[in-house]
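Colleague: My questions concern the predicted model and sequence given below.
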Amino acid sequence: MPSPRTFYALGLLGYPLSHSRSPELHRGFLRHCGLAGEYRLYEAPPERPETLRALLEALRRGEIHGLNVTIPHKQRVLPWLDALTPAAAAIGAVNTLWAENGRLWGDNTDAPGFLHDLRAHFGVWAERPHHALVLGAGGAARAVVYALLHAGWRVTVAARRLAQAQSLCAALEATAGQATRPPCRPLPWAQRAALAPPPDLIVNATPVGMAPHPESSPWPAGEAFPSQARLYDLVYNPAETRLLQQAHVAGLPAANGWGMLAAQAALAFQRWTGCTLPVDNLLQKP
Ligand code: NAP
């Protein structure tokens, strides 16, 4: 538990940041917890590593108390960190930074944030392990697959570059339970609608469908979903993506990624301030 402060200097490190929803979330958390502080956007263009370095040094010196990290720096900051949580080390990316005794720490709260929101939407069904198909094999997919494998799920990862799915599965399968290690299998992108046995959950971890291209979907047009499937789209802008529209037409339960964003933010905030947030009551979904 961190020691209390009179003022929390928090912020987000990434580029570009003009559309970030994180300030509204964290300023709401500060108000809810009755804490004085700020949540600033620190834009660090990838071609200016000195900006990134200066911000990390400010964190180390205690001038900044907590940083979230987003695209394109979730992996880029790793060489500057002194320690990682087991989840961050396995996922190979961080979204939450803080300093302890002059040492820079990194965590990844996307993984527990995803699992929290999956359970918030799909209730007791999501408490038991099933078979998930994850679309995409980038940074967010790594967090999702890590969360699912560690919760005992069987996972299939479909990616347009099969080698990306293969290396994701190989890396994360090794970190999951020893005795009852759940399998992670790569799948060619073209076969995503023909997976057998059919998945119980389909997760979109690609940016397909995100504004400004809301007309696109990672699910092929004209292909039926497995009849018992639930869908989770990490994209939350627009609130009802094309994928979610397809799911609703098919009568399937489906959720967007706003709750995951809120939950990962709340977990980071808790790490920095020690204040626990009732995420589900506090945050309205768009
Ligand atoms: P990323 O690291 O760039 O990975 C994206 C993945 O999607 C890669 O495997 C990429 O394949 C694949 N992809 C991209 N365009 C594709 C297409 N047209 N068809 C098939 N595959 C495609 O990005 P990320 O950080 O994982 O983020 C993915 C999405 O999740 C973004 O929309 C992001 O906003 C969202 N996200 C949401 C939350 C949340 O809290 N809700 C958290 C994190 C991320 P290639 O490498 O071959 O391009």
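Modeller: Structure's in. What do you need? Numbers count the residues shown, from 1 in each chain.
Colleague: what's the closest residue to C33 other than its chain neighbours sitting at in phi/psi?
Modeller: Spatial nearest neighbour of C33, excluding adjacent residues (C-beta to C-beta, 6 or more residues apart in numbering): C275 at 3.7 Å. Using the backbone N, CA and C atoms, a C-beta is placed for each residue, glycine as well. Main-chain dihedrals, C275, degrees, to the nearest 10: phi -90, psi 120.
Colleague: In this structure, mark out all the helices, start to finish.
Modeller: Using DSSP state H, the helices of the chain run over 22-33, 49-60, 86-91, 110-122, 139-150, 162-173, 242-249, 258-273, 279-282.
Colleague: what is the mean pLDDT for the first one?
Modeller: Looking at helix 22-33 alone, the average pLDDT works out to 96.
Colleague: got the angle for it vs helix 258-273?
Modeller: Using axes from the mean of the first three to the mean of the last three C-alpha atoms, to 10 degrees, the direction of helix 22-33 lies 60 degrees away from that of helix 258-273.
Colleague: Do helix 22-33 and the ligand come into contact?
Modeller: No. Helix 22-33 is not in contact with the ligand by C-beta under 6 Å from any ligand atom; minimum separation 10.1 Å.
Colleague: Can you name every helix or strand that that helix contacts?
Modeller: In terms of contacts (3 or more C-beta pairs under 8 Å, 6 or more residues apart in numbering; DSSP states H and E), helix 22-33 is packed against strand 8-14, strand 37-43, helix 258-273, helix 279-282.
Colleague: can you rerun that using 10 Å?
Modeller: strand 8-14, strand 37-43, strand 66-69, helix 258-273, helix 279-282 (3 or more C-beta pairs under 10 Å, 6 or more residues apart in numbering; DSSP states H and E).
Colleague: Deepest-packed of those, please.
Modeller: strand 66-69 (a mean of 26; mean count of other C-beta atoms under 10 Å).
Colleague: for that strand, packing partners?
Modeller: When contacts are defined as 3+ C-beta pairs under 10 Å, 6+ apart, strand 66-69 packs onto strand 8-14, helix 22-33, strand 37-43, helix 49-60, strand 96-100, strand 103-107, helix 258-273.
Colleague: Dump the ones you listed into JSON lines; add distance to R192 as well.
Modeller: Shown next, in JSON lines, are those (distance: least, C-beta to C-beta, whole Å):
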{"stretch": "strand 8-14", "distance to R192": "29"}
{"stretch": "helix 22-33", "distance to R192": "31"}
{"stretch": "strand 37-43", "distance to R192": "35"}
{"stretch": "helix 49-60", "distance to R192": "36"}
{"stretch": "strand 96-100", "distance to R192": "31"}
{"stretch": "strand 103-107", "distance to R192": "31"}
{"stretch": "helix 258-273", "distance to R192": "21"}
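Colleague: isn't M210 right up against A140?
Modeller: No. M210 lies out of contact with A140 (C-beta atoms under 10 Å); the separation is 11.6 Å.
Colleague: who's more crowded, the two?
Modeller: With neighbours defined as other C-beta atoms under 10 Å, M210 and A140 compare such that A140 has more, 27 against 18.
Colleague: List the residues that contact the closest residue to that one other than its chain neighbours.
Modeller: Among residues not flanking A140 along the chain, A205 sits closest, at 4.7 Å (C-beta to C-beta, 6+ apart). Residues in contact with A205 (C-beta atoms under 10 Å, 6 or more residues apart in numbering) are 114, 134-145, 157-159, 218, 232-235, 257.
Colleague: Return only those of these found close to the ligand.
Modeller: G136, A137, G138, G139, A140, A141, A159, L234, V235, G257.
Colleague: picking up where we left off before, would you turn the helices and strands packed on helix 22-33 into a markdown table with mean pLDDT and distance to L78?
Modeller: Conversion of the helices and strands packed on helix 22-33 to a markdown table gives the following (pLDDT from 0 to 100; distance: least, C-beta to C-beta, whole Å):
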| stretch | mean pLDDT | distance to L78 |
| --- | --- | --- |
| strand 8-14 | 98 | 13 |
| strand 37-43 | 98 | 18 |
| strand 66-69 | 98 | 10 |
| helix 258-273 | 96 | 17 |
| helix 279-282 | 63 | 27 |
